[in-house]
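Student: got a predicted structure here, sequence first:
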Amino acid sequence: MIRPAGFRGAFFGDTSDGNGRDDPVARRSISEALGISADWAFTEQIHGGTVVLVDEPGLAGRSDCLITEQPDLPMTIATADCLPIIVEGDRSVAILHAGWRSIAAGIIDAGLSAMDALGDTPRRAAIGPSIGPCCYEVGDEVRAAVGGYGATTTAGGKSVDLWSAAADLLEGVDVWRSDLCTYTDTAYWSYRRDGTKRRQVAVAWVPGN
Ligand SMILES: [Zn+2]
């Protein structure tokens, strides 16, 4: 597990932590380790650009960004190459499932705007383990959809650097990046590497008293 320094309530799991979104046993064990409620909010992830405001645990609809100002209400997303992003404000927190389609659909701006709409200010963001420019071979249409960010894989192919694309979209916010590639690092599930249905989870929460 990764707990980025300086964040109130941000967790990025790996394969050893289990899929706490779908597996209650893993959810309990992650919650215990983090000292948070085991009743999490989650979403049906659709690779889009919409945000849902959450105030209770359970399924929060179809969305790729959840936001809450409710203390001790953990929110989760599950990934295997897409970028898990956690944005903390002074009182609220947002968690994003940001693959290239969601980034192209404006999920990052939508998440920051949702925080503004709550009267809060996005202060810091963490970009967790996800497929890196070292491995994410894509066509020109993907680069065009996210505004460029062309890179080269270690094998010499055309890739895209979504870490930098996301960091730039998080303008005015302090950005922490894990720079860990799920395709390279076998501590993480990678859909691109294995075609797997398995996922690691990220969890974000506003601590209770
Ligand atoms: Zn890589």
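Tutor: Received the coordinates, thanks.
Student: and the pLDDT for Asn209?
Tutor: Asn209 is assigned a pLDDT of 70 by the prediction.
Student: repeat for Ile36
Tutor: pLDDT at Ile36 comes out at 97.
Student: mind exporting the C-alpha coordinates of stretch 135-155 to PDB?
Tutor: Provided in PDB are the C-alpha atoms of stretch 135-155 (Å, rounded to 0.1, in the frame of the first residue of the first chain):
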ATOM      1  CA  CYS A 135       4.600   1.100 -21.700                       C
ATOM      2  CA  TYR A 136       1.400   2.700 -22.900                       C
ATOM      3  CA  GLU A 137       1.600   2.200 -26.600                       C
ATOM      4  CA  VAL A 138      -1.200   4.100 -28.300                       C
ATOM      5  CA  GLY A 139      -2.200   5.500 -31.700                       C
ATOM      6  CA  ASP A 140      -2.300   9.100 -32.700                       C
ATOM      7  CA  GLU A 141      -6.000   9.400 -31.900                       C
ATOM      8  CA  VAL A 142      -5.300   8.900 -28.200                       C
ATOM      9  CA  ARG A 143      -2.600  11.500 -28.200                       C
ATOM     10  CA  ALA A 144      -4.800  13.900 -30.000                       C
ATOM     11  CA  ALA A 145      -7.700  13.200 -27.600                       C
ATOM     12  CA  VAL A 146      -5.600  14.200 -24.500                       C
ATOM     13  CA  GLY A 147      -3.900  17.200 -26.200                       C
ATOM     14  CA  GLY A 148      -0.600  15.600 -27.200                       C
ATOM     15  CA  TYR A 149       1.800  14.300 -24.600                       C
ATOM     16  CA  GLY A 150       3.500  11.900 -27.000                       C
ATOM     17  CA  ALA A 151       6.300   9.800 -25.600                       C
ATOM     18  CA  THR A 152       8.300   6.700 -26.500                       C
ATOM     19  CA  THR A 153       8.000   3.300 -24.900                       C
ATOM     20  CA  THR A 154      11.100   1.500 -23.700                       C
ATOM     21  CA  ALA A 155      10.500  -0.800 -26.600                       C
END
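Student: buried residues, that stretch. List them.
Tutor: Under the neighbour-count criterion of 16 or more other Cβ atoms under 10 Å, stretch 135-155 has 135-138, 142-143, 145-146, 149, 151, 153 buried. (Glycine included, C-beta is placed from N, CA and C.)
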